[in-house]
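S.K.: any chance you could fold what I've pasted below:
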Amino acid sequence: MNLADIGQLVQARREALGLSQARLARLAGLSRATINQLENGSLVDLGAAKLLALLNLLGVDLAAQPRLPQAHALALLSQTASVSYRQALAPGALADALVAGDLPPALVPQVATLLDEAPLSLIVAGVAEVAERTHTPPKTLWKHLTAWAQALQSPRAAWA
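M.R.: Okay, here's the model as predicted:
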């Protein structure tokens with residue numbers, strides 16, 4: 001669920017309660033413009049405390065729960081890392097290297113791209129998939145990824 005989805009939920013609940021945007025804004029300590037932007041999906045950020053207070057006021061719960069595992073995350077991660085290269089990074093080869101902790105020289109270019117450019121949520125899902133498949137502790141896999149990032153001098157702040 002993203003902020004635009006929450007905005008639609010807020011609008012539906014506000015209307016069900018017979019509240020105008022102005023009245024809801026006054027009750028929540030927000031501006032009418034903020035409520036309007038939230039409801040039409042153009043609000044960039046509201047802040048967790050303000051959002052939770054608004055939802056509480058409307059009697060809406062925001063449940064935080066783990067998402068279902070992304071199907072084929074390792075394959076998607078390998079594909080993302082291979083976009084600019086003639087030879088694709090095989091998901092199995094990536095998994096084997098992650099478990100062993102040794103980065104074969106042939107995989108260096110794709111792994112460097114993965115570390116620098118792959119969406120972090122996809123990396124997390126890929127690590128979870130490898131851990132589950134191989135019964136390797138995720139902490140071990142993260143240790144290997146971090147070591148690779150340092151060895152390859154990844155500029156991404158996540159690896160610092």
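S.K.: so for the helix or strand hosting T140, mean pLDDT?
M.R.: Element membership for T140 (DSSP states H and E) is helix 138-151. Averaged over helix 138-151, pLDDT sits at 96.
S.K.: again with stretch 114-131
M.R.: On average, the pLDDT along stretch 114-131 is 91.
S.K.: stretch 11-29 now?
M.R.: 93.
S.K.: distance between that stretch and the chain's centre?
M.R.: 30 Å (C-alpha atoms, centre = their mean, to the nearest Å).
S.K.: alpha carbons of it, in CSV - could you do that?
M.R.: Extracted in CSV, the C-alpha atoms of stretch 11-29 (Å, rounded to 0.1, in the frame of the first residue of the first chain):
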residue,chain,number,x,y,z
GLN,A,11,-11.3,10.0,1.1
ALA,A,12,-13.8,7.1,1.3
ARG,A,13,-13.8,7.1,5.1
ARG,A,14,-14.1,10.9,5.3
GLU,A,15,-17.1,10.8,2.9
ALA,A,16,-18.6,7.9,4.8
LEU,A,17,-18.3,10.0,8.0
GLY,A,18,-19.9,13.0,6.3
LEU,A,19,-16.8,15.2,6.8
SER,A,20,-15.6,17.9,4.5
GLN,A,21,-11.9,18.2,3.7
ALA,A,22,-11.8,21.4,5.7
ARG,A,23,-13.5,19.9,8.7
LEU,A,24,-11.2,16.8,8.6
ALA,A,25,-8.2,19.1,8.3
ARG,A,26,-9.2,21.1,11.3
LEU,A,27,-9.8,18.0,13.4
ALA,A,28,-6.5,16.5,12.4
GLY,A,29,-4.5,19.7,12.7
